[in-house]
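Student: Pasted the sequence and its predicted model underneath.
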Amino acid sequence: MRGIILNLVLLLFMVSPYSAAPDEAMGVVTYVERGDTFEVLIEKFDPRIEESYEMVRLADVDSPGSNTAEGRAAKEFTEAMLLKTHIWLDIDNKSEDGRGPYGRLICVVYLETLNGSINNESFNKMLVDAGHATVRDFDTNEFDPIDWWSVSDLGILLVINEVELNPHGADQGGEWIELYNRGDEDIEMGGWTLSSAHGLNLTLPEEATIRAKGFYVVTIEEGKLYNTNEVIFLRTDAGPVVDRTIPLDDTRNDDRTWARCPDGEGTWVYVLSSKNVTATCDVLYSAGSKDKNWLRCCTGGYTHMDPLDRQLWNITGFFM
């Protein structure tokens, strides 16, 4: 019996005094500084909260500065969604007192529903889905952005993996887009759409299914992809964007393509075509950083991005 009691005591010492939960604190948003940062009047306190008014920084997302057009759009989106609204805070348990280097609470934020319950989709994810932030998976906090996307959302399981913008010979019937399933289960994609910044719009057939860890190639029989500054979007049949490419350029009329390397990862490279097979990563040009910024937008002010990514990335119209 004494041994059992001793083990319980040791377990209590090992467990963090805070547990991850979406209801650690609650309050009303009173001021928005930028898309990912705002002030909250606290109504339900957590032991780490020091003042009635606290600045909150969304965990693992990054909006551009408010001195840019993209940043102003992000701020306006957050104001429209959160200002004078009750929100719930899941405060980081890894950083000291749940705070970042500037003393702001690092949180995953949830909206309160009309009946007073907590919305199960985080505002962090909403901001990214709306195109007003990029994901940056900081290892200084406890959170993993992958957890924000459930299997039903498919937001990080299914990606655009390779694109042939300018094939050898005629473009008609020679252009294609390859999808890749990073998950462990097959995914049905009937009715999903592939669209481009220059007007391409393709709907996948109802029987379209992609195998776990497998590829699915869509050949473009009607319409075309542009060879410069082309961006491609993958949407579910309900409309939300699942994935998008960086702006792509391919003026070489050959068998090289833009592809994620390795398959399914965030770094885009210009390689020999690996259609429907594992990429060889024989790099000619590369684009994108090697960190976890696998959802990108709003290049204004993003000094950490590779210069090749700093092309025009104004896609506001696609989210209206």
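Tutor: Good, I have the coordinates. Numbers count the residues shown, from 1 in each chain.
Student: ranges for the strands of the stretch 101-250 of the chain?
Tutor: Listed in chain order, the strands of the stretch 101-250 of the chain (DSSP state E, counting those that start in this stretch) span 105-112, 118-122, 134-135, 158-164, 176-181, 187-188, 193-196, 201-203, 209-210, 215-219, 232-235, 241-244.
Student: What's the mean pLDDT across the longest one?
Tutor: Put plainly, it is strand 105-112. The average pLDDT within strand 105-112 is 94.
Student: Would you mind listing the buried residues in it?
Tutor: By neighbour count on 16 or more other CB atoms under 10 Å, the buried set for strand 105-112 is 105, 106, 107, 108, 109, 110, 111. C-beta coordinates here come from the backbone N, C-alpha and C atoms, glycine included.
Student: Tell me which two of these sit farthest apart.
Tutor: Maximum pairwise distance among the buried residues of strand 105-112 (CB to CB): 18.2 Å, between 106 and 111.
Student: on that earlier part again, and the buried residues of strand 105-112, which is closest to residue 84?
Tutor: Among the buried residues of strand 105-112, and counting by CB to CB, the member closest to residue 84 is residue 111, at 12.3 Å.
Student: what about that closest one, distance to residue 147?
Tutor: Residue 111 sits 17 Å away from residue 147, taking CB to CB, to the nearest Å as the criterion.
Student: follow-up on the earlier one: check the buried residues of strand 105-112 against residue 218 and report the nearest one.
Tutor: residue 108 (34.5 Å).
Student: residue contacts, the residue nearest to the closest one when sequence neighbours are not counted?
Tutor: Nearest residue to residue 108 in three dimensions, chain neighbours excluded: residue 90, at 4.3 Å (CB to CB, 6 or more residues apart in numbering). Taking CB atoms under 8 Å, 6 or more residues apart in numbering as the contact definition, residue 90 lies against 20, 21, 22, 23, 24, 107, 108, 109, 110.
Student: Could you report the separation of the last one from residue 33?
Tutor: Plainly put, residue 110 is 20 Å away from residue 33 if you go by CB to CB.
Student: So in the protein, which strand runs the longest?
Tutor: Secondary structure of the chain per DSSP state E: the longest strand is strand 25-34.
Student: how much does that one deviate in direction from strand 118-122?
Tutor: 40 degrees (axes from the mean of the first three to the mean of the last three CA atoms, to 10 degrees).
Student: elements contacting strand 25-34?
Tutor: Packed against strand 25-34 by the contact rule (3 or more CB pairs under 8 Å, 6 or more residues apart in numbering; DSSP states H and E) you find strand 37-44, strand 53-58, helix 69-82, strand 86-91.
Student: Can you lay out these as CSV showing distance to residue 271?
Tutor: Formatted as CSV, the entries for the helices and strands packed on strand 25-34 read as follows, by distance: least, CB to CB, whole Å:
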stretch, distance to residue 271
strand 37-44, 39
strand 53-58, 35
helix 69-82, 30
strand 86-91, 40
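Student: tell me the most buried of those?
Tutor: Among the helices and strands packed on strand 25-34, strand 86-91 has the highest mean neighbour count (mean count of other CB atoms under 10 Å), at a mean of 23.
Student: That one versus strand 105-112: what angle between them?
Tutor: Between the axis of strand 86-91 and that of strand 105-112 there is an angle of 140 degrees, by the same axes, to 10 degrees.
Student: now strand 86-91 against strand 53-58, angle please.
Tutor: Using the same axes, to 10 degrees: strand 86-91 against strand 53-58 is 70 degrees.
Student: model confidence over strand 86-91, on average?
Tutor: Averaging pLDDT along strand 86-91 gives 95.
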